[in-house]
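Build me a model:
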Amino acid sequence: MRNWPTQLLWILVPAAYIGCTNTPTGLEASVVAINQDFAFTPDTLTVQVGSNVQWNNLSSDYHDLVSDSINSSSGAIPEIALAPIGGVDRQYRQTSVEVNFGTRGTYPYHCTIHTGMHGVLIVR
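Numbering: from 1, shown residues only. Model prediction:
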C-alpha cells in the first residue's frame, strides 16, 4: 500500500519553493562600485524600471555623482556626495547610497571632483 501523504509532500514542497523569491518585487539592488582607479564599475549599467541602484565608494578619496541631464526633475540621478572609507564628515555623510528609479531613460552622470569619472545608467 502506498503512503499518499508522504508522496504528496515530495511534490508540493519543491513546487512551493520554486515560486519563492528573496524580495517581494523580485528586483534586487544593482551595485556600482567606485574603486581606487577613479572609475565607476560598471561604467554603464542597465536596470528595469522600479529597480534600486546602489553606489558604494570603496576608495580612499571623496567622490560625488552629478547628473549630466539638464532637467534633473525628470527622474535623473540626484546629486550624491560619497565619503571615502573611514572619512565620513558633515558634507560627506555616507560611503554608500541607494536610489530607486521609476522612470525610463538614459542617465549619464559624472564626478565633479575627478573629471575623468563618467557613468551611464539605463532604465528600461
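
Identify the residues contacting the helix or strand containing Val53?
For Val53, the enclosing helix or strand under DSSP states H and E is strand 51-57. Applying Cβ atoms under 8 Å, 6 or more residues apart in numbering, the contact partners of strand 51-57 are 27-34, 40, 45, 47, 63, 65, 80, 82-85, 95-101, 121, 123. Every C-beta, even on glycine, is put in place using the N, C-alpha and C of the backbone.

and the next element down the chain from that strand?
strand 63-67.

just checking, what packs against the helix or strand that comes right after that following strand?
Using DSSP H and E, the next helix or strand after strand 63-67 towards the C-terminus is strand 80-82. The contact analysis (3 or more Cβ pairs under 8 Å, 6 or more residues apart in numbering; DSSP states H and E) places strand 80-82 against strand 51-57, strand 63-67, strand 96-101.

For Tyr109, which of those is the nearest?
Closest to Tyr109 of the helices and strands packed on strand 80-82, according to Cβ to Cβ: strand 63-67, at 5.1 Å.

just the angle between that closest one and strand 51-57, please?
Angle of strand 63-67 versus strand 51-57, following axes from the mean of the first three to the mean of the last three Cα atoms, to 10 degrees, is 140 degrees.
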